[in-house]
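[1] Below is the sequence, then the predicted model.
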Amino acid sequence: MLELRNITKTFGDVLANDRVSFKVEPGTIHAIVGENGAGKSTAMRIAYGFYTADSGEILIDGQVREIRTPHDAIALGIGMVHQHFMLVEPMTVAENIVLGAEPGSATSLDLRKAADEIRKVSDEFKLSVDPNATIETLSVGQQQRVELLKALYRRAQLLILDEPTAVLTPQEVEEFFAILRGMRDQGKTIVIITHKLSEVLAISDNVTVMRDGRVVGNVKTSETSAAELARMMVGREVLLRVEKPDAKPGAALISLRDVSIVGRDGTKRVDKVSFEVRAGEIVGIAGVEGNGQTELMEALAGLIPGAYVSGSINFEGRDITRLDARARKELGIAHVPEDRHRRGLLLDFSLAENTILGVHYRKPAVMGPGGILLDQKGIQRRTEQVLRDFDVRPPSPDLPARALSGGNQQKLIIGREFELPPKFLLVSQPTRGVDIGAIEFIHQKIVAMRDAGCAVLLVSAELEEVTALSDRLLVIHNGKIAGEVDPKVTTNEEIGLMMTGGRRS
Ligand code: ADP
Ligand code: MG
């Protein structure tokens, strides 16, 4: 269906693709895996005519084809769904699909006809998209299906999906994979770019592994394993499990008593939660997203106005319930937020500026009497230290945060917070959208903080992650702690039951 032969592409002095060759068989789901920056997106954007290769050939159905623009690709039956959707929010699904295909030429009659056709395609592939819905009213998962529909409407036979699950919840991923299998069963060919090994194993027939711009392996999914793929991706053995010595917890550092949180709409999000975290231990919170864990972490970080929080929060014996975020940071409470774009980073600001975000008013960011002058050298030293210790790539302090991959953005935030250094660390979804080499790295850093005596409270939607990292595990359901389990002996079934409100016998 598709073949890349010796595709080479440079951006300035970056060799993004180095003689990349592989074949995608018709009627299969073909995964391309590799760490961030391995060259996956570049290779597929070349196949889609988004970039032009410096050299090499693209074959469609065994014939060499010139694909200079996405228009050429679409004419050859290739569709691509990008990592960032390209939909116009105030317009309807039908308008987005038709206007993209025939810019400026659609009349309301065309739109009505198109809506019928779109509904047909949507039904055929079980996408359940309403052509008349406005984009901004759709969930992220639904918007992604609109992008699929757009490609299918233009009669794509080959669909290229770039990191499609990065934005989806676990349930949405399941539904999405069912749709992809259905598409394959109807004869479509799918190329899926991902860096999640569990997804590769779950969905693909064949896998191409890329590293540093090169193809390092082509394997059948049924003949490989997560460990082998990880080794190929990273170029060394990777610990897929967290190895940590037993915790040596000290005194309780933070304790919550009957903490309740209401949302702005007046509904109860967290309901009389009490627990403590001791110095030198990692307490995990497992739960289906939306059961209060976000609010709980934000309340502990001081990000929720006091009017919405009741009960008491004690830190080192002192009541901090009414302290704001800055005052808590001053006491040694750091926070790695779950949404790094909304809460963690200023994307258009430099890495250096992001490194001092939240501590811009104190050393090493300021100097002089009263700390009124920016200390450029101090900022630079701190930035270089964070970039180096947390392996942020590329380590260029002046680059805007937007230019970094998700994994590197996350390492920057983690580095900034870990090097404060804190006594109590709130960590939410630390490895969401992060690739395996970096996941291993982040896990090791979290354990290192614990072993240095820090109290860690960890929230993760990845059950495996929270079970592997935690010394004690609390399960949250409907704003209440449904129970505590020992991560060493618990099972997914036990936790799963508590997560859905079932009782332990
Ligand atoms: P992946 O999709 O595997 O994460 P990419 O194909 O996006 O990797 O990137 C491969 C390399 O090419 C990276 O070093 C990246 O920074 C660089 N690169 C990708 N696109 C561009 C671009 N438009 N301009 C400059 N460099 C780019
Ligand atoms: Mg990419």
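    Yes, it's here. Ligands and ions are numbered 1, 2, ... in the order given.

[2] distance of the most centrally placed residue in the chain from ligand 1?
    Central residue of the chain (C-alpha atoms, centre = their mean): residue 433, 2.2 Å from the mean position. Spatial separation of residue 433 from ligand 1 under the definition C-beta to the nearest ligand atom, to the nearest Å is 12 Å. In this view, the C-beta of every residue, glycine as well, is placed from N, C-alpha and C.

[3] Residue 78 too?
    In terms of C-beta to the nearest ligand atom, residue 78 sits 17 Å off from ligand 1.

[4] For the spatially closest residue to that residue that is not a sequence neighbour, name its beta-bridge partners.
    The spatially closest residue to residue 78, leaving aside those adjacent along the chain, is residue 158, at 4.9 Å (C-beta to C-beta, 6 or more residues apart in numbering). For residue 158, the residues forming beta bridges with it (DSSP bridges) are residue 78, residue 189.

[5] need the residues of this protein near ligand 1, please.
    By the rule C-beta under 6 Å from any ligand atom, the part of the chain lying against ligand 1 is 11, 14, 16, 34, 36, 37, 38, 39, 40, 41, 42.

[6] Show me which pair in those is furthest apart.
    Pairwise distances across these (C-beta to C-beta) peak at 16.7 Å, for the pair 11 and 34.

[7] So what would you say the end-to-end distance of stretch 472-483 is?
    The first and last residues of stretch 472-483 sit 11 Å apart, counting by C-alpha to C-alpha, to the nearest Å.

[8] quick one, phi psi at the residue sitting furthest away from the middle of the chain?
    Using C-alpha atoms, centre = their mean, the residue of the chain lying farthest from its centre is residue 369. It sits 42.4 Å away. The phi/psi pair for residue 369 (degrees, to the nearest 10) reads phi -60, psi 130.

[9] Check residue 475 too.
    The phi/psi pair for residue 475 (degrees, to the nearest 10) reads phi -110, psi 130.

[10] show me what contacts the residue nearest to it when sequence neighbours are not counted?
    Across the structure, with C-beta to C-beta, 6+ apart as the measure, the residue nearest residue 475 apart from its sequence neighbours is residue 498 (4.1 Å). Taking C-beta atoms under 8 Å, 6 or more residues apart in numbering as the contact definition, residue 498 lies against 475, 477, 482, 483, 485, 504.

[11] what's the most distant pair in these?
    Of all pairs drawn from the contacts of residue 498, the greatest distance, 12.9 Å, lies between 477 and 485 (C-beta to C-beta).

[12] if we can go back for a sec, between residue 11 and residue 34, which is the more surrounded one?
    Under the neighbour definition other C-beta atoms under 10 Å, residue 11 and residue 34 were set side by side, and residue 34 has more, 27 against 10.

[13] Was I right to think residue 327 contacts residue 306?
    No: contact status for residue 327 versus residue 306: not in contact, 12.0 Å apart, counting by C-beta atoms under 8 Å.

[14] Right, and ligand 1 sits closest to which residue of the stretch 401-505 of the chain?
    Per C-beta to the nearest ligand atom, residue 405 is where the stretch 401-505 of the chain lies closest to ligand 1, at 6.1 Å.

[15] Not counting residues beside it along the chain, what's closest to that residue?
    residue 36 (3.7 Å).

[16] quick one: low-confidence parts of the stretch 51-200 of the chain?
    Judged by pLDDT under 70, the stretch 51-200 of the chain has its weakly predicted residues at 100-106, 169-171.

[17] for the chain, same thing?
    Where the chain drops to pLDDT under 70, the residues are 100-106, 169-171, 502-505.

[18] can I see the domain layout of it?
    Here the domain parsing of the chain from automatic domain parsing is 2-234, 241-332+422-505.

[19] can you give me the helices in the stretch 1-150 of the chain?
    In order along the chain, the stretch 1-150 of the chain carries the following helices (DSSP state H, counting those that start in this stretch): 40-47, 70-75, 93-101, 108-124, 140-153.

[20] meant to ask about the stretch 201-350 of the chain
    For the stretch 201-350 of the chain, helices defined by DSSP H, counting those that start in this stretch occupy the ranges 226-234, 293-301, 325-331.

[21] Could you export these as a markdown table, including mean neighbour count and distance to residue 135?
    Compiled in a markdown table, these are given as follows (neighbours: other C-beta atoms under 10 Å; distance: least, C-beta to C-beta, whole Å):
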| stretch | mean neighbour count | distance to residue 135 |
| --- | --- | --- |
| helix 226-234 | 18 | 35 |
| helix 293-301 | 23 | 25 |
| helix 325-331 | 16 | 34 |
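
[22] which stretch among those comes nearest residue 279?
    When those are compared for distance to residue 279 using C-beta to C-beta, the nearest one is helix 325-331, at 13.9 Å.

[23] which outside residues touch the closest one?
    Defining contact as C-beta under 8 Å, 6+ apart, one finds that helix 325-331 is touched by 301-303, 315-316, 318, 320, 323, 335, 358-359, 420, 423.

[24] ok, residue 478 - contacts?
    Taking C-beta under 8 Å, 6+ apart, we find residue 478 in contact with 271, 291, 292, 501.

[25] Let's see stretch 356-375 as PDB, backbone CA atoms only.
    Extracted in PDB, the C-alpha atoms of stretch 356-375 (Å, rounded to 0.1, in the frame of the first residue of the first chain):
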ATOM      1  CA  ILE A 356      11.900  30.600  37.500                       C
ATOM      2  CA  LEU A 357       8.200  30.600  37.100                       C
ATOM      3  CA  GLY A 358       6.600  30.800  40.600                       C
ATOM      4  CA  VAL A 359       9.900  31.700  42.200                       C
ATOM      5  CA  HIS A 360      10.700  34.700  40.100                       C
ATOM      6  CA  TYR A 361      10.600  37.000  43.100                       C
ATOM      7  CA  ARG A 362      13.400  35.300  45.100                       C
ATOM      8  CA  LYS A 363      16.800  33.900  44.700                       C
ATOM      9  CA  PRO A 364      18.400  32.900  42.400                       C
ATOM     10  CA  ALA A 365      16.100  35.000  40.100                       C
ATOM     11  CA  VAL A 366      16.600  38.300  41.800                       C
ATOM     12  CA  MET A 367      19.400  40.300  43.500                       C
ATOM     13  CA  GLY A 368      20.100  43.600  45.000                       C
ATOM     14  CA  PRO A 369      18.600  45.200  48.100                       C
ATOM     15  CA  GLY A 370      15.000  43.900  48.500                       C
ATOM     16  CA  GLY A 371      15.500  41.700  45.500                       C
ATOM     17  CA  ILE A 372      14.300  44.200  43.000                       C
ATOM     18  CA  LEU A 373      16.700  43.400  40.200                       C
ATOM     19  CA  LEU A 374      16.600  40.300  38.000                       C
ATOM     20  CA  ASP A 375      19.700  38.300  38.400                       C
END
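
[26] ok so, going back, distance from the helix or strand hosting the residue nearest to residue 475 to the middle of the chain?
    With elements taken from DSSP states H and E, the one containing residue 498 is helix 492-499. Relative to the centre of its chain, helix 492-499 is centred 24 Å away, using C-alpha atoms, centre = their mean, to the nearest Å.

[27] Equivalent analysis for stretch 442-451, please.
    Taking C-alpha atoms, centre = their mean, the mean C-alpha location of stretch 442-451 is offset from the chain mean by 20 Å.

[28] Begin at 39, not 1, for the rest of this chat.
    I'll keep to 39 as the first residue from here, and by that count the last item is stretch 480-489.

[29] got a list of contacts for it?
    Under the criterion C-beta under 8 Å, 6+ apart, residues 280, 282-283, 285, 318-320, 428, 448-449, 452, 456, 459-460, 463, 465, 468-469, 472, 494, 496, 503, 506-507, 509 lie in contact with stretch 480-489.

[30] Please apply the same query to stretch 494-505.
    When contacts are taken as C-beta under 8 Å, 6+ apart, the neighbours of stretch 494-505 outside the stretch itself are 207-208, 292, 315, 319-327, 331-332, 334-335, 338, 376, 462-470, 481, 484, 487-488, 507-508, 511, 525, 528, 530, 533-534.
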